[in-house]
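Undergrad: Pasting a predicted model and its sequence here:
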4 protein chains.
Amino acid sequence: MKRSEEKKKQKRNALLKSAYELFTTIGYHKTTIMAIALKAGVAKGTFYLYFKDKEDIRDALIVAKSSQILRSALDAMNQSGQSLPPVEKLIFLVDYIIDVLARDIALLRFVSKNLSWSLFINSGRYHQSDEDALDFRAFLVEMLETDGVPVTREMELTIFTIIELINSTCYSVILNGEPVTLSEYKPFLYDRIRLLFAHQ
Amino acid sequence: MKRSEEKKKQKRNALLKSAYELFTTIGYHKTTIMAIALKAGVAKGTFYLYFKDKEDIRDALIVAKSSQILRSALDAMNQSGQSLPPVEKLIFLVDYIIDVLARDIALLRFVSKNLSWSLFINSGRYHQSDEDALDFRAFLVEMLETDGVPVTREMELTIFTIIELINSTCYSVILNGEPVTLSEYKPFLYDRIRLLFAHQ
Amino acid sequence: MKRSEEKKKQKRNALLKSAYELFTTIGYHKTTIMAIALKAGVAKGTFYLYFKDKEDIRDALIVAKSSQILRSALDAMNQSGQSLPPVEKLIFLVDYIIDVLARDIALLRFVSKNLSWSLFINSGRYHQSDEDALDFRAFLVEMLETDGVPVTREMELTIFTIIELINSTCYSVILNGEPVTLSEYKPFLYDRIRLLFAHQ
Amino acid sequence: MKRSEEKKKQKRNALLKSAYELFTTIGYHKTTIMAIALKAGVAKGTFYLYFKDKEDIRDALIVAKSSQILRSALDAMNQSGQSLPPVEKLIFLVDYIIDVLARDIALLRFVSKNLSWSLFINSGRYHQSDEDALDFRAFLVEMLETDGVPVTREMELTIFTIIELINSTCYSVILNGEPVTLSEYKPFLYDRIRLLFAHQ
DNA sequence: TATGAATGAGATTTCATTCAT
DNA sequence: AATGAATGAAATCTCATTCAT
């Protein structure tokens, strides 16, 4: 990579970083392009050399952040969850991701308010041309098949259902602590995942 | 009620209606107070006699719309679902609401993007002093107890989980038709509800 | 006076009082008709039954407040300054008024910012039809003549000069304490008044 | 100075000029930002790149105009009043300034209604960081000392008193022509200044 | 590439005043 | 006489976007 290309990458990252900080602290709509540029240490006009508008940088952020979470979950599983049975592998991933989000509520809020999980599901709709994107569902399907679990139509629905369930319940529980705390809810949730999974 | 009070009520409703139409067609952020007032046939300043700002009218709409849906579901059940067993009553309500939303996607989008369901769940947090508000969870709990189903802690979690499940899956399915159509998904979903419900 | 007329007088006074309090605390331009009416315990529309607009009530206030100060000064002199020589009578009045204003800075600010003293001087320009108004200059001239001091053209200019001098220096000194404190400045000022007065 | 900086200076001046013309013709409160910008030939938003709000541009104007007057008075004295005795130098300045204001009543009104003279007196309170500002009092003190007149505490009070006297009497006399015309009042006033000055 | 001055549409909000009740 | 809902002009200010340098 050339020097100039590196610089461009750096500037792009600086803009992404500053946008993320502003979005998660003062909110998307109250964040101005001016503020993003200022915080990133570039001029207002420069922003437009890297992103089309505010929506554009938000979408780029969603992809980047979501993929980042997922990738770290997969890394963790590769290190210490290789020998688990299929359902437990799924639960391992889920548990990892929940913990990440519980520790970083700004991230949870950002990722969850911004359709995030559907990124994992709606393969490719938002990540055309984005090298960083990952497809959670595709990965799960592959993982199950590798472990010898046939992925029937019904199994696909189960996976979809489970993912949605996790997303919305965790959002409520982590953010509001209602109707239970996360540590109370986790065993209950994982039990239900096993139940739904078993019931094919 | 006096003449003037009636008129005020009418004007308030006209504003709500016009705001709803604009929010669901051109979107919340692109809707201006000016446009709401104009469409409602009142002056811009008049808006501020009834609502504090755009957020205020949106919140009022969420409460009104959510309660409206729920109320019609309850009416329907009182008419034709009285003799069903508890789980089937729940499924009846859910089915009714899903059908309402599937027929009115603008409504689904509005209600779902705007925390809506949490209205049913977070008893009273948003409906202080709002005569129109209803509490879905409280209603379910009462219904179950009337039918002799003891509402244990675990049962509460199950209800919470089921509501969240319905909300998020339907949102995806109705809006995107992914990964299945609604008519395909419904039997699967109701089956899982029965499973979760039975598994106490 | 009839009952209804008394009531009207009372309402007018309530409006004046509340306007004065608002003008002196939050300022003339930031004070709204609405606020004046509210504080006076009447409806917004009622304001317009008593005053033409905000300027109208301000002018009425200036006349009322200025006359009130002057009247109390004259009363005090009638009680304990009757036997003083002419210049000392003038100084007595001045001293009395300065003390009143120094004790009530809101009043000083209001009266001084609103041409006030010119009320005393520009005989009648603002108090057409106002029963409460008093004319300071006319009074001084009469007082001097009664005491046998011929009021020549030059004497008129002296009086004018002295009044203006008092007004502007006191405004600065009381409000800012600059360049001296009031108690330091008073003897100096009175000495100069005697000087100017003597030098005919 | 760069091209762009020159342009900025020009635009700032255009805004100041147009604001001054509007303030002095239609009045401060009736003048809108929009009108100022329009008259200056720039867009509404551009105003906000140069001034915070209407108060900000007014304050800048007061400083600029006051200093301008004073500076021209000093220039005139340096040219033709160098050899006068101290009091006469003061009177020279005063006479010059009075003539300027008498010729430009809008300026008098603007400068006088807007604390102006206190600018000369309250050394530096309003002109922090303003390159244009001048300090009348400081200048007088220096002038007197240069001429061998010791500036005692009492002399300072005399200067203060004289300045205030000039300010308020001229305001009345020039504006209203009451109780005398300016040409009548001037000799009287200067005589009194000499009197006050002599009487240490 | 980068800058940042300039733009100007447009958003929100206030409030004096009117007028039907 | 009193009310207060309604008006709508007008004011302030923001900010995405462009473009000359």
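TA: Structure received.
Undergrad: For A:Val151, which non-adjacent residue is closest in space?
TA: A:Val141 (5.1 Å; CB to CB, 6 or more residues apart in numbering or on different chains). Bear in mind the C-beta positions are built from the backbone N, C-alpha and C, glycine included.
Undergrad: What's the first helix or strand after the helix or strand harbouring the one you found?
TA: When elements are defined using DSSP states H and E, A:Val141 is found to belong to helix A:136-146. The element immediately downstream of helix A:136-146 (helix or strand, assigned by DSSP H and E) is helix A:153-176.
Undergrad: anything in that following helix near chain B?
TA: Yes. Helix A:153-176 lies within reach of chain B by CB under 8 Å from any CB of the partner chain, at A:154, A:156-157, A:160-161, A:164-165, A:167-169, A:172, A:176.
Undergrad: Turn those residues into TSV, including distance to C:Gly81, pLDDT and neighbour count.
TA: Written out in TSV, the entries for the residues of helix A:153-176 next to chain B read as follows (distance: CB to CB, whole Å; pLDDT from 0 to 100; neighbours: other CB atoms under 10 Å in any protein chain shown):
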residue	distance to C:Gly81	pLDDT	neighbour count
A:Glu154	107	88	12
A:Glu156	104	84	15
A:Leu157	102	87	20
A:Phe160	97	81	20
A:Thr161	97	83	20
A:Glu164	92	79	23
A:Leu165	92	79	24
A:Asn167	88	75	22
A:Ser168	86	76	23
A:Thr169	87	77	24
A:Ser172	81	78	21
A:Asn176	76	75	12
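Undergrad: Dump the residues you listed to CSV, plus distance to B:Ile36.
TA: Below are the residues of helix A:153-176 next to chain B laid out as CSV (distance: CB to CB, whole Å):
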residue, distance to B:Ile36
A:Glu154, 47
A:Glu156, 43
A:Leu157, 41
A:Phe160, 38
A:Thr161, 39
A:Glu164, 34
A:Leu165, 37
A:Asn167, 33
A:Ser168, 31
A:Thr169, 35
A:Ser172, 31
A:Asn176, 31
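Undergrad: Which ones among those also lie next to chain C?
TA: Answer for the residues of helix A:153-176 next to chain B near chain C: none qualify (CB under 8 Å from any CB).
Undergrad: which one among those residues gets closest to chain D?
TA: If you rank those by distance to chain D using CB to the nearest CB, A:Asn176 comes first, at 41.0 Å.
Undergrad: helices or strands next to the helix holding A:Val141 in the packing?
TA: Using 3 or more CB pairs under 8 Å, 6 or more residues apart in numbering or on different chains; DSSP states H and E as the contact criterion, the neighbours of helix A:136-146 among helices and strands are helix A:54-80, helix A:86-103, helix A:116-121, helix A:153-176.
Undergrad: List the buried residues of it.
TA: A:136-137, A:140-141, A:143-144 (16 or more other CB atoms under 10 Å in any protein chain shown).
Undergrad: how near is A:Tyr171 to chain D?
TA: For A:Tyr171, the distance to chain D (CB to the nearest CB, to the nearest Å) stands at 40 Å.
Undergrad: okay but that residue is in contact with A:Ile105, surely?
TA: No. Using CB atoms under 8 Å, A:Tyr171 makes no contact with A:Ile105, being 10.4 Å away.
Undergrad: which one of those two has more residues nearby?
TA: A:Tyr171 (21 against 12; other CB atoms under 10 Å in any protein chain shown).
Undergrad: Leaving out the residues flanking it, which one is nearest to the more buried one?
TA: Using CB to CB, 6+ apart and skipping residues adjacent in sequence, the residue nearest A:Tyr171 is A:Ser112, 4.9 Å away.
Undergrad: Show the pLDDT at the one you found.
TA: Looking at A:Ser112, its pLDDT stands at 70.
Undergrad: burial of it, as a residue count?
TA: Here the number of neighbours of A:Ser112 (other CB under 10 Å) works out to 17.
Undergrad: Isn't it up against A:Val173?
TA: No. With contact taken as CB under 8 Å, A:Ser112 and A:Val173 are classed as non-touching, separated by 11.9 Å.
Undergrad: got the angle for the helix or strand harbouring A:Lys17 vs helix A:54-80?
TA: Under the criterion of DSSP H and E, A:Lys17 resides in helix A:3-26. For the pair helix A:3-26 and helix A:54-80, the angle between their directions (axes from the mean of the first three to the mean of the last three CA atoms, to 10 degrees) equals 100 degrees.
Undergrad: which strands and helices sit next to helix A:3-26?
TA: Secondary elements touching helix A:3-26 (3+ CB pairs under 8 Å, 6+ apart): helix A:33-40, helix A:44-50, helix A:54-80, helix A:105-113.
Undergrad: got the buried residues for the last one?
TA: Read it as helix A:105-113. A:107-112.
Undergrad: that older thread, out of the helices and strands packed on helix A:3-26, which gets nearest to D:Pro150?
TA: Using CB to CB as the measure, helix A:33-40 is the one of the helices and strands packed on helix A:3-26 that comes nearest D:Pro150, at 55.9 Å.
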